[in-house]
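Q: Got a predicted structure plus its sequence, pasted below:
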Amino acid sequence: MGYKQTRIPVTLQVASLLAHSLAAALHLEILWV
């Protein structure tokens, strides 16, 4: 149980990082257009 509890925040952090980089890529794409 403890292993799962420590794993969840890491997954959320990775998902947040991916979403942030995706938003940044979209923003750059809009700027280039």
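A: Received the coordinates, thanks. Quantities reported herein were computed from a predicted structural model and do not represent experimental measurements.
Q: could you point out where the chain is predicted with low confidence?
A: When the per-residue scores of the chain are filtered using pLDDT under 70, the ranges that remain are 1-6, 33.
Q: Ile30: neighbouring residues, count only.
A: Using other C-beta atoms under 10 Å, Ile30 is surrounded by 8 other residues. For every residue, glycine as well, the C-beta is placed using N, CA and C.
Q: what helix or strand does it sit in?
A: Of the helices and strands defined by DSSP states H and E, Ile30 is found in helix 2-32.
Q: how far is that helix from where the chain is centred?
A: For helix 2-32, the distance between its averaged C-alpha position and the chain's averaged C-alpha position is 0 Å (C-alpha atoms, centre = their mean, to the nearest Å).
Q: list the helices and strands it packs on?
A: The criterion is 3 or more C-beta pairs under 8 Å, 6 or more residues apart in numbering; DSSP states H and E, and there are no helices or strands that helix 2-32 contacts.
Q: Buried residues of it, list them for me.
A: Within helix 2-32, no residue qualifies as buried by neighbour count (16 or more other C-beta atoms under 10 Å).
Q: if I look at Ala15, how far off is Ser21?
A: Between Ala15 and Ser21 the distance is 11 Å, computed by C-beta to C-beta, to the nearest Å.
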